[in-house]
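sequence unknown, structure follows:
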């Protein structure tokens, strides 16, 4: 996709964010939170990925998510002239996804009906200076650094998408994979629908097609496929090098079906 198309999506995304921010049960996560709020737009982002914050039983959570998504859809259609929305069923059976369209441009909003809550408290942030200059102002509740990048590391070993690997490369260039971040990453491994061993020693996915179709033109500066492959190798090697006694105890507890969050000093995750 050409950069102009990505820019049109990013422009609509920023217009939509204030309508999403009204719903305090959600916090923004993923590439949009990283690249538009946490960093100064090193790459464009075109999806709104949300975490549902309250810890409630599943049926009550799905009902609240459904109602909040309905209010977001109505707010977008009222507040953005010509915009249309469409509710879409998510993996958990509820309509946890939403498409917003305007003048041929489409943005997807979604939240997971399975992975709910966060390890650390979220915070209010506003878009970076470059984002404001190019696309307009927005502020929103964002998941914490550890939750944001813990989830991103999980995505990088799970789907191995070039966008995720790009974000990981910039993590290495800036804050690095700290011990606190690694422990929070393990919580996201524990919350995954896939077995931990498949994520911690993943089968490598070919990146050629997703690079060409869903990444090229998105980054501010040129970023080669070869560099993304190197980043993936570095990440997997780094993760596996951190398997100390406490990590192994935690992973064994996952295998046994009784997660020992104390082993990685994350007792709050038990909630």
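Sure, I can see it. As the structure is a prediction and not an experimental result, all values here were calculated from the model.

Spatially nearest residue to the residue nearest the centre of the chain, not counting backbone neighbours?
The centre of the chain sits closest to residue 30, judged by Cα atoms, centre = their mean, with a distance of 2.1 Å. Spatial nearest neighbour of residue 30, chain neighbours left out: residue 49 (3.4 Å); criterion: Cβ to Cβ, 6 or more residues apart in numbering. The C-beta positions use only the backbone N, C-alpha and C, and glycine is treated the same way.

can I assume that neighbour sits in a strand?
Yes - with DSSP: H, G, I helix; E, B strand; the rest coil as the criterion, residue 49 is part of a strand.

Let me see the contact set for it.
Residues near residue 49 by Cβ atoms under 8 Å, 6 or more residues apart in numbering: 28-33, 110-111.

hmm, 10 Å instead?
26, 28-33, 108-112, 143, 151, 155 (Cβ atoms under 10 Å, 6 or more residues apart in numbering).

Same question for residue 7.
Per Cβ under 10 Å, 6+ apart, neighbours of residue 7: 44, 46, 105, 134-135, 217-218.

Put the buried members of these into a ChimeraX selection.
Paste this into ChimeraX to select the buried members of the contacts of residue 7, with burial taken from 16 or more other Cβ atoms under 10 Å:
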select :44,46,105,135,217,218
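
biggest separation within the contacts of residue 7, which pair?
135 and 217 (16.6 Å; Cβ to Cβ).

how close does residue 147 get to residue 38?
12 Å (Cβ to Cβ, to the nearest Å).

what do you get for residue 135?
16 Å.

Where does pLDDT dip in the stretch 1-150 of the chain?
1, 90-94 (pLDDT under 70).

which residues in it form strands?
26-29, 47-52, 84-88, 97-102, 105-111, 123-126, 139-142 (DSSP state E, counting those that start in this stretch).

any idea which of those is most buried?
With neighbours taken as mean count of other Cβ atoms under 10 Å, those reach their highest mean count in strand 26-29, at a mean of 26.

Report all helices and strands that that strand contacts.
For strand 26-29, the elements it packs on are helix 3-21, strand 47-52, helix 58-79, strand 105-111, strand 123-126, strand 139-142, helix 145-158, judged by 3 or more Cβ pairs under 10 Å, 6 or more residues apart in numbering; DSSP states H and E.

and the strands of the stretch 1-150 of the chain as TSV, adding distance to residue 258?
Shown next, in TSV, are the strands of the stretch 1-150 of the chain (distance: least, Cβ to Cβ, whole Å):
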stretch	distance to residue 258
strand 26-29	27
strand 47-52	25
strand 84-88	35
strand 97-102	33
strand 105-111	28
strand 123-126	32
strand 139-142	32
